[in-house]
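Engineer: the sequence and its predicted three-dimensional model are supplied below.
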Amino acid sequence: MDEQVMVFAPAPLLTVTIEQQADAVELHLHPGGQGVWQTRMIAALGTPVTLCVSLGGEVGDALRKLLVEENVTVRVVERPSGTGWYVHDRREGSRAEIAEDPGTPMVRHDIDELYTVTLTEGLRAPVSLLSGPAAEEVVEPDIYRRLAADLTANGGTVVADLSGAYLTAVLEGGVAVLKVSHEELLDDGLADDDSVAALAEAGRRLQGKGAGSVLISRAGDPGLALLDDGTALQVQAPPLELADHRGAGDSMTAGVAAVLARGGDLREAIRIGAAAGALNVTRHGLGTGRGEAVRELAGRVRLTPLDED
């Protein structure tokens, strides 16, 4: 079995961004969505990655051409309905949303075909990363439960970065490493408040429902790691000046998956993941960064016993 990661990204997006560069206005077209950003970081860390997606319509045709340039293996399931997209204006420095469409909901035939392709690639990879769509109505959550259960039952390691109904579904299937943000825990009613004690307790409840280890990102505060051996850690990334906070959690999950696929242990994976997330906030491109920079920063990540008082 090769040292690689399979990333399940059922509904990627075509991202259109307007930027001001000196006296010129520039238009940038890129593949986007959680799974794409995670795939980009995994590849930057030198781990082979296969991206499983479903694309449809004129936007899907354009996105397919852009994905080919990502230097990863892409397995595409074609569907007649449209792929999602968004347009952002960043000429003033911050992002302003102009318009968006998460995509047309997938029908049963689309889901069945995507499941088959994804399962095949997941069985070929030691680690599978399950990422979510931009909107819940695009794909039914049950495909996550089925993939998690079937890949785990066949010896795979499943990593997930999900919330809402998708989180519930993947827990039912079983997941080796679950990454979730403290905002998602609060929004889903899984944590009473944002205190360390409440978040740690929420993480333990997730472990009781089917997660092996749980990583909780906390924006600018140190993250939490509840390992499958009962260890609870605080994860302190090195301080870096913020350029764009978006995508830090996705890069963290990608770093964890990349290390586990290479046979690294979970503590090393957490260090690399925290470093990848820290580096991402210094850049404007989501899921971007150089592997050498991540590895250098990883040596500055501190893992300390969690004090819940």
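Structural biologist: Sure thing, it's come through.
Engineer: now the strand or helix carrying residue 250, how far from the centre of its chain.
Structural biologist: Element membership of residue 250, judged by DSSP states H and E, is helix 248-261. With Cα atoms, centre = their mean, to the nearest Å as the basis, helix 248-261 stands 8 Å off its chain's centre.
Engineer: tell me the angle the worst-scoring helix or strand of the chain on mean pLDDT makes with helix 248-261.
Structural biologist: Every helix and strand in the chain was compared by mean pLDDT, DSSP states H and E; the lowest is helix 291-298, with a mean of 85. Counting by axes from the mean of the first three to the mean of the last three Cα atoms, to 10 degrees, helix 291-298 points 90 degrees away from the direction of helix 248-261.
Engineer: point out where the stretch 1-150 of the chain drops to low pLDDT.
Structural biologist: 1 (pLDDT under 70).
Engineer: tell me where the stretch 51-200 of the chain has strands.
Structural biologist: Here the stretch 51-200 of the chain has its strands, by DSSP state E, counting those that start in this stretch, at 73-78, 83-89, 96-103, 127-131, 157-161, 175-181.
Engineer: centre of the chain to the helix or strand following the helix holding residue 250, how far?
Structural biologist: Under the assignment DSSP H and E, the closest C-terminal helix or strand after helix 248-261 is helix 266-280. Centroid separation between helix 266-280 and its chain, computed with Cα atoms, centre = their mean, is 13 Å.
Engineer: counting by contacts, list what helix 266-280 packs against.
Structural biologist: In this structure, helix 266-280 makes packing contacts with strand 175-181, strand 211-218, strand 232-236, helix 248-261, helix 291-298, strand 302-305, judged by 3 or more Cβ pairs under 8 Å, 6 or more residues apart in numbering; DSSP states H and E. (Glycine included, C-beta is placed from N, CA and C.)
Engineer: circling back: next, the angle from the least confident helix or strand of the chain to helix 266-280.
Structural biologist: Angle of helix 291-298 versus helix 266-280, following the same axes, to 10 degrees, is 110 degrees.
Engineer: in helix 291-298, what counts as buried?
Structural biologist: Within helix 291-298, the residues that qualify as buried are 291, 293, 294, 297, 298, counting by 16 or more other Cβ atoms under 10 Å.
Engineer: repeat for stretch 63-71
Structural biologist: Those would be 63, 64, 66, 67, 70, for stretch 63-71 by 16+ other Cβ under 10 Å.
Engineer: using PDB, list the CA coordinates for it.
Structural biologist: Extracted C-alpha coordinates of stretch 63-71, given in PDB (Å, rounded to 0.1, in the frame of the first residue of the first chain):
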ATOM      1  CA  LEU A  63     -12.900  23.500 -12.600                       C
ATOM      2  CA  ARG A  64     -11.700  20.200 -14.100                       C
ATOM      3  CA  LYS A  65      -9.100  22.100 -16.100                       C
ATOM      4  CA  LEU A  66      -7.900  24.000 -13.100                       C
ATOM      5  CA  LEU A  67      -7.700  20.800 -10.900                       C
ATOM      6  CA  VAL A  68      -5.400  19.200 -13.500                       C
ATOM      7  CA  GLU A  69      -2.800  21.900 -12.700                       C
ATOM      8  CA  GLU A  70      -2.800  21.100  -8.900                       C
ATOM      9  CA  ASN A  71      -0.200  18.300  -9.400                       C
END
